[in-house]
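Colleague: Sequence and predicted model, in that order:
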Amino acid sequence: MIAVITGSTGLVGSLLLTKLLKDNATTKVISVTRKPLGFSNPKLKEVIIPDFSNLMDHKDEIKGDVYFCALGTTIKVAGSKENFKKVDFDAVVNFGKVAESNKAQSLTVVSANMANAKSAVFYNQVKGETEQALMSMQFNRLVLLRPGLLMGERIQKRTGEDFAISVMNVLSHVLPAKIKKIIATNVEVLAARMLKEGQNPAPKIKIINAVDI
């Protein structure tokens, strides 16, 4: 099985990439990034594409059986709402188009808790619009995971998230387990669930909310 992954330099994607490289059912991993990963592996093929608006021009290079998308940023990191949308909507949808064109067995995508195209919150709105765009495509299987606050150690620090994680670590001792799962998601658990769902043959569209991850 050939796996294609994008977002593999990020928090969730890097963990998923490691799991794919160790997975016996995965014979080859194609990583689609804007910059080199900085390491090699016999199963790994890197495809460097600086501009993700050109992903379809490279569809033959990134042809696989199962596709995984862990792309995501924040408005603060992106610098503007426009740049944020280029990553969390445009790049994700373009990756989906490649998967659709290559008749992938599955596409598994990290979305967000409370994703809703009609939300008054810009972040949730964009995530919801992205989900709608993907669901309008023709996939054998589409999996949308909606995690809460990602609990893990980032290479690139995000001050707001670091503060929220600190608060969550304190509250985790008093909150019920179900509430904790809705609010926050362990990135190791999320990456493992992505791998499992990507290899699962059914159903056609599956949305997994934070409480069920």
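Modeller: That came through fine. Residues are numbered from 1 along each chain as shown.

Colleague: contacting residues for Val87?
Modeller: Contacts of Val87 were listed using CB atoms under 8 Å, 6 or more residues apart in numbering, and they are 52, 71-73, 78. To be clear about C-beta, it is placed using only N, CA and C from the backbone, and glycine gets the same treatment.

Colleague: Point out where this protein drops to low pLDDT.
Modeller: 153-180 (pLDDT under 70).

Colleague: circling back: just the buried residues from the contacts of Val87, in ChimeraX please.
Modeller: To isolate the buried subset of the contacts of Val87 in ChimeraX, counting by 16 or more other CB atoms under 10 Å, use the following:
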select :52,71,72,73
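
Colleague: show me the residues around the residue nearest the centre of the chain that make contact.
Modeller: A centroid search over the chain (CA atoms, centre = their mean) returns Ala70, at 2.0 Å, as the residue closest to the centre. Ala70 makes contact with 5-8, 10, 12-13, 16, 110, 194 under the criterion CB under 8 Å, 6+ apart.

Colleague: among these, which are in strands?
Modeller: Among the contacts of Ala70, DSSP state E puts 5-6, 110 in strands.

Colleague: Helices of this structure, start to end?
Modeller: For the chain, the helices defined by DSSP state H cover 11-22, 75-78, 81-85, 92-101, 122-135, 159-171, 177-183, 187-198.

Colleague: Can you list the buried residues in the second one?
Modeller: Put plainly, it is helix 75-78. If you call a residue buried by 16+ other CB under 10 Å, then helix 75-78 has these buried ones: Ile75.

Colleague: now the fourth one
Modeller: Taking 16+ other CB under 10 Å as the basis for neighbour counts, the residues of helix 92-101 that come out buried are 92-100.

Colleague: Using CSV, please lay out those together with distance to Thr26.
Modeller: Below are the buried residues of helix 92-101 laid out as CSV (distance: CB to CB, whole Å):
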residue, distance to Thr26
Val92, 22
Val93, 25
Asn94, 23
Phe95, 18
Gly96, 20
Lys97, 23
Val98, 18
Ala99, 16
Glu100, 21
